[in-house]
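Colleague: my questions are about this predicted structure, shown below with the sequence.
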Amino acid sequence: MRSRILLGLAALFTILSSLPLAAPTGLESKRAIIGELTAKEKRILAQLEEISHKINQKSAEIDALNEEIARKKLLLRRLSEKLNSREAELQELQRRFQERLKHLSTMGELGWINLILSPQEISAFFRRQEYTNLIFYHDRKLAQKIQREKKEIERQKEIVRQEKEHLDALKARYESEIKALQSLKREKEILLEEVRRNKRLYAETLHMLEKAYAAISQMAEELKRTREELEVTKKEFLKIQKKKAPPKPAPLLELKGLLPPPIEGEVLKFFGLEVDPLTGEKIFHQGITIAAPVGSPVRAPYAGEIIKISLIREKGFLVFIDHGYHFLSVIGGLGKVSKGLGEHVSTGEIIGEVGEAPFGKGGVYYELRYQGKPQNPLDWLDTSKLKFLR
């Protein structure tokens, strides 16, 4: 029993030792990618901060432009009011001038004579004439002044209008730049979210890999300790086995025709070439098949060491027994094996029991090899314990 445990541990250690461990460069590559994503995240954040600063700067400039445009609008309104006032003054002056002309024209020639001769003194006449001239001169000068003021207001108004148009165009350009910056900002935000998502995924993967590598390293340490313990136990076991090793059996050549069959019963299939009656196919049997009820005990035909146990679908367990001197027995069709790998069995010792056959009668397959070549088992077995139909 102890030998079976030791052999099982040895097999487990061999399997685990053969498992390929992932190279540590996998972790390093993930860390490098996370580092690159972190650097990229910082660059995008710096770009976003710069874009936000530009947007705020443009917004402040637009606010200043709005204030300047509002002042220009107010100035235009005041200039328009001033221009309207001057036009009203000019129209009033023209109205008065036309009324004077109309009044003078209605006086006729006598009116003019009366105007001239009505004063008692010549000085009064001249004063009246001078007053009349002064009135007309004053009206003319006032009209000229109003015209000059009107032209100046029109000029100032045109300048302010052009300045306002320039400010409107500048505002439209700034608003367009803000839209472009906001679109660029949205793209950078989307890119930043994608970078952060990838960084998060790689960080989770790295965390899982680090835990896996830690577990593998721990397992490797445990395997190393187990191997050391197993080597020590194996050495102790070998020492014990040397003391308790069974005597070496006699060569099988000396017992030809005397070996007990693994089970007593009817021989269903014989060693050698056989032709399938249905298909006509030629089949070479390397052993014989003996019919036996399910659950019947199967025995070792000769003493030896069990060196291999295999499970084959639809054929059950195969037990390989090394008899020494280049002889090997292969016993199949077992549903259960009662001996372990590495155990020594004696002649006639039970090694298992017959299993169920998927098709036809259940039975035990027996094959004997010498130096790797199949031999006819019936030449070596005690055939008096077997039944033959042919």
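Modeller: Done, it's in. Numbers count the residues shown, from 1 in each chain.
Colleague: and Cys295, helix, strand or coil?
Modeller: Just to correct that, residue 295 is Gly rather than Cys. Taking DSSP: H, G, I helix; E, B strand; the rest coil as the rule, one finds Gly295 in the coil state.
Colleague: roughly how far does it sit from Ala169?
Modeller: Distance of Gly295 to Ala169, given as Cβ to Cβ, to the nearest Å: 104 Å. From N, CA and C alone the C-beta is placed, and that goes for glycine too.
Colleague: which one's the longest helix in the chain?
Modeller: Across the chain, the longest stretch assigned as helix under DSSP state H is helix 122-244.
Colleague: list the buried residues for the helix or strand that comes right after that helix?
Modeller: Where DSSP states H and E defines the elements, the next helix or strand beyond helix 122-244 is strand 265-269. For strand 265-269, the neighbour count (16 or more other Cβ atoms under 10 Å) marks Gly265, Val267, Leu268 as buried.
Colleague: my read: the first one touches Leu389, true?
Modeller: This means Gly265. No - with contacts counted by Cβ atoms under 8 Å, Gly265 stays clear of Leu389, the gap being 11.7 Å.
Colleague: residues touching Pro374, list them.
Modeller: The contact partners of Pro374, taken as Cβ atoms under 8 Å, 6 or more residues apart in numbering, are Phe271, Gln286, Gly287, Glu367, Leu368.
Colleague: please redo it, this time with the cut-off set to 6 Å
Modeller: By Cβ atoms under 6 Å, 6 or more residues apart in numbering, the residues touching Pro374 are Gln286.
Colleague: sheet partners, orientation included, of the strand or helix carrying it?
Modeller: Pro374 belongs to strand 373-375 when assigned by DSSP H and E. In the sheet, strand 373-375 lines up against strand 363-370 (antiparallel) (DSSP bridges).
Colleague: span of stretch 269-288 from start to end?
Modeller: Terminal residues of stretch 269-288 lie 5 Å apart, using Cα to Cα, to the nearest Å.
Colleague: buried ones in that stretch?
Modeller: Judged by neighbour count using 16+ other Cβ under 10 Å, the buried positions of stretch 269-288 are Phe270, Phe271, His285, Gln286, Gly287, Ile288.
Colleague: does the closest residue to Ile283 other than its chain neighbours sit in a helix, a strand or a coil?
Modeller: In space, Ile283 comes closest to Glu274 once its chain neighbours are excluded; the distance is 5.1 Å by Cβ to Cβ, 6 or more residues apart in numbering. With three-state DSSP as the basis, Glu274 sits in strand.
Colleague: just to check, Glu274 is in contact with Glu281?
Modeller: No - taking contacts as Cβ atoms under 6 Å, Glu274 lies outside contact range of Glu281: 9.4 Å.
Colleague: follow-up on the earlier one: same for the longest helix of the chain, what does it pack against?
Modeller: helix 2-18, helix 25-117 (3 or more Cβ pairs under 6 Å, 6 or more residues apart in numbering; DSSP states H and E).
Colleague: would you single out the least confident of those helices?
Modeller: Lowest mean pLDDT of the helices and strands packed on helix 122-244: helix 2-18, a mean of 51.
Colleague: quick one, domains of the chain?
Modeller: Here the chain is described, according to automatic domain parsing, as comprising the domains 26-209, 252-387.
Colleague: can I get those in a markdown table with distance to Glu236?
Modeller: Formatted as a markdown table, the domains of the chain follow (distance: least, Cβ to Cβ, whole Å):
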| stretch | distance to Glu236 |
| --- | --- |
| domain 26-209 | 40 |
| domain 252-387 | 15 |
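Colleague: out of those, deepest packed?
Modeller: Highest mean neighbour count of the domains of the chain: domain 252-387, a mean of 17 (counted as mean count of other Cβ atoms under 10 Å).
Colleague: how far is that domain from where the chain is centred?
Modeller: Once both centres are worked out by Cα atoms, centre = their mean, to the nearest Å, domain 252-387 turns out to sit 56 Å from its chain's centre.
Colleague: could you give the mean pLDDT of that domain?
Modeller: The average pLDDT for domain 252-387 rounds to 91.
Colleague: show the end-to-end separation of that domain, please.
Modeller: Using Cα to Cα, one end of domain 252-387 lies 24 Å from the other.
Colleague: next one: stretch 346-364
Modeller: Using Cα to Cα, one end of stretch 346-364 lies 19 Å from the other.
Colleague: then stretch 287-300?
Modeller: Terminal-residue distance, stretch 287-300 (Cα to Cα): 15 Å.
Colleague: equivalent analysis for stretch 275-294, please.
Modeller: Stretch 275-294: ends 28 Å apart by Cα to Cα.
Colleague: please shift the residue numbers so they start at 566 in all later answers.
Modeller: All right, first residue 566 from here; so that's stretch 840-859.
Colleague: mind listing residues that contact it?
Modeller: Against stretch 840-859 from outside (Cβ under 6 Å, 6+ apart): 828, 830-836, 838-839, 919, 921, 926-932, 939, 942.
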